[in-house]
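Student: okay, sequence plus prediction incoming.
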Amino acid sequence: MSTDLTLEESSTAATTKVGKHGTAKEAVTAALLHYIRTHGYREPRIVELFGKVEFRDDWDYKAERTRNG
């Protein structure tokens, strides 16, 4: 996937140097992968929720929003 980003040059230069990456692209990719591992991202599986989520036709989300906030 190709994405255009405007990043601070000092940040990419420091990340490239600290991580010993050859290019800013490698540094950004490594940083993103580290972020994913650190925050424990796992793709949600909707099938795992079957039978675990209570569904109510009469639930009024707008009323709930004003009551809690």
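Tutor: Perfect, thanks for sending it.
Student: confidence score at G19?
Tutor: Here, the pLDDT recorded for G19 equals 91.
Student: show me what contacts it?
Tutor: 26-27, 30-31 (CB atoms under 8 Å, 6 or more residues apart in numbering). C-beta: built from backbone N, CA, C; applies to glycine.
Student: separate out the buried members of the residues you listed.
Tutor: Burial by neighbour count, 16 or more other CB atoms under 10 Å: within those this picks out A27.
Student: turn the contacts of G19 into TSV, columns for secondary structure, pLDDT and distance to R45.
Tutor: Shown next, in TSV, are these (DSSP: H, G, I helix; E, B strand; the rest coil; pLDDT from 0 to 100; distance: CB to CB, whole Å):
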residue	secondary structure	pLDDT	distance to R45
E26	helix	93	31
A27	helix	92	32
A30	helix	93	27
A31	helix	90	27
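Student: check the secondary structure at the residue lying farthest from the centre of the chain for me.
Tutor: Farthest-out residue of the chain from its mean C-alpha position, per CA atoms, centre = their mean: D58, at 32.4 Å. Three-state call for D58 (DSSP: H, G, I helix; E, B strand; the rest coil): coil.
Student: quick one: contacts for T12?
Tutor: 24, 27-28.
Student: can you classify it by secondary structure?
Tutor: What three-state DSSP gives for T12 is helix.
Student: shift numbering so it begins at 13
Tutor: I'll keep to 13 as the first residue from here, and by that count the last item is T24.
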